[in-house]
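Asker: no sequence on this one, just coordinates:
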């Protein structure tokens, strides 16, 4: 009954007329932030799982070695790596592939530079493999002194730290947006209290409790919050869905695996890093909580404002 | 209702009423008379719990209103019906919804509310205007609407502030008969008015405000007012 009939014509208030749109816009911003934060979380998971199955072995340059000696040394290293339990493959990155990787830093002239590049071996591991890095390094350095193993741990830690910082910023921004929403509801509710003061006085005089009057405002705010929330969330989901092709195109090809599959050594890595980013059903379900949260926030804020304001009157 | 040495003032201003002492017996009928600006409305505000006294005791239904907790007010107010000079009907609600307001606030079922309200609006001659908005009603009809809202919950105390101020004498007298009917059903009635001509047509006791205080007296000879409830003077300023 209270949903349909109101003793106060709050829906016609000039200040309240724009409230659904203002709340809708704020929910839109919140949904975008939350959506991006969820995708950041997904990205972090992707990075962790993708990089956990990769190692890079770097063999130092030894100008003293001839071509045959270099090839023998490389074969010995490959044999050692592939014989290690948990290793599923080891691929040497060719010169062209190394140049392509360096091109973003050194420019198109990278191929013309007379610079010797270290030999890089992309090692893939079983997902559940646990490699003793120190043992592997000892065995490799016994064959090729100064060999380096990079499991991308430092890089991943830095990247995850950055992502977590972005998520913390997102939480702060959502809190800011919700605070703004609450402040807007407080303003509109106070305006409504002032505009309808004569009717509120009559309600009091015929025996209305403060909670009865608060219910008029909170019902209206609940309705407005829900309306604005649904509009804002729907628009935000459309925006995030529209962003998916952009997010999906950030894959970088790095080096062909050389097995004719067309899969590159870096492809699997980077596809895992950025590919497939987008809203999952769980993300959508999480976003659908936003209209309810906004409606609840608006309702409780209106109730608190009314009870706090009219408590001063007799 | 008991007033003992009550003073009334607004904010930090001077007392506009002071040394007010009287009591009203349940089921009594009184006129509250005095010149415009004498303080009739302020005294009524005390009675319908819209303000508290600056000093003194106001006892209503056995409760000292100065010590009432906020959550106690609604229950007491539901026992009081108020008719305002300017009607104060709610413009966006229909006649039916205006009168139904006290019952809805009291939490009655909608079917009961509709039955009672329809019956009462018929009683005050507004049966054909159930769904009309107040703006479409005449002054007299709005006044009757306000009265219907005031009495729908069968209050123990009915207070009316210049109820005939916006209607002609004929309707004014009819409204007074309506109040008398309510009084016969046991409701204590206090009518504030400065219309001496109207007051003189009835034999009810009067509370007269003069020089910022209240004097109570019976306009009729004692032998002719057997059925009238007595004013019980509670202080030196109440003259019976």
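Answerer: Nice, I can see it. This is a predicted model, so every value here is computed, not measured.
Asker: For the stretch 101-250 of chain A, which segments are assigned as strands?
Answerer: Counting by DSSP state E, counting those that start in this stretch, one finds strands in the stretch 101-250 of chain A at the ranges A:119-125, A:148-150.
Asker: tell me the SS of residue B:20?
Answerer: Secondary structure for residue B:20, judged by DSSP: H, G, I helix; E, B strand; the rest coil, is strand.
Asker: Nearest to residue A:308, out of the strands of the stretch 101-250 of chain A?
Answerer: Distance to residue A:308, taken as C-beta to C-beta, is lowest for strand A:148-150 among these, at 60.0 Å. Where you see a C-beta, it was placed from the backbone N, CA and C, and this is true even at glycine.
Asker: strand partners of that closest one, parallel vs antiparallel please.
Answerer: Sheet pairing here is set by DSSP bridges, and for strand A:148-150 it gives strand A:54-59 (antiparallel).
Asker: Okay, buried residues for the partner strand please.
Answerer: A:54-57, A:59 (16 or more other C-beta atoms under 10 Å in any protein chain shown).
Asker: out of those residues, which one sits closest to residue A:29?
Answerer: Residue A:29 has its nearest neighbour among those in residue A:54, at 37.2 Å by C-beta to C-beta.
Asker: Test my guess that that closest one contacts residue A:127.
Answerer: No: using C-beta atoms under 8 Å, residue A:54 is not in contact with residue A:127, being 10.9 Å away.
Asker: How about residue A:156: what's its closest non-neighbour residue?
Answerer: Nearest non-adjacent residue to residue A:156, counting by C-beta to C-beta, 6 or more residues apart in numbering or on different chains: residue A:51, 5.3 Å away.
Asker: The helix or strand containing the one you found - contacts with which helices or strands?
Answerer: Using DSSP states H and E, residue A:51 sits in helix A:19-52. Applying 3 or more C-beta pairs under 8 Å, 6 or more residues apart in numbering or on different chains; DSSP states H and E, we find helix A:19-52 packed against helix A:153-195, helix A:210-248, helix A:265-274, helix A:281-287, helix A:289-310.
Asker: For chain B, list the residues in contact with chain A, please.
Answerer: Proximity of chain B to chain A is confined to B:48-52, B:70-71, B:73-75, B:77-78, B:82, B:88, B:90, B:92-93, B:97, B:101-102, B:104-106, B:110, B:149, B:153 under the rule C-beta under 8 Å from any C-beta of the partner chain.
Asker: again, 6 Å this time
Answerer: Residues of chain B found near chain A (C-beta under 6 Å from any C-beta of the partner chain) are B:74, B:77-78, B:82, B:88, B:90, B:92, B:101-102, B:105.
Asker: show me what contacts residue 151?
Answerer: In the absence of a named chain, this looks at chain A. Residues near residue A:151 by C-beta atoms under 6 Å, 6 or more residues apart in numbering or on different chains: residue A:55.
Asker: wrong chain, I was asking about chain B
Answerer: Residues in contact with residue B:151 (C-beta under 6 Å, 6+ apart) are B:81, B:182.
Asker: how many other residues sit next to the residue of the stretch 1-150 of chain A found nearest chain B?
Answerer: Closest approach between the stretch 1-150 of chain A and chain B, counting by C-beta to the nearest C-beta: residue A:9, at 4.6 Å. Residue A:9 has 18 neighbouring residues, counting by other C-beta atoms under 10 Å in any protein chain shown.
Asker: dump the residue contacts of it.
Answerer: residue B:92.
Asker: Let me see the confidence value for it.
Answerer: Here, the pLDDT recorded for residue A:9 equals 85.
Asker: Longest helix in chain B, please.
Answerer: In chain B, taking DSSP state H as the definition, the longest helix is helix B:169-184.
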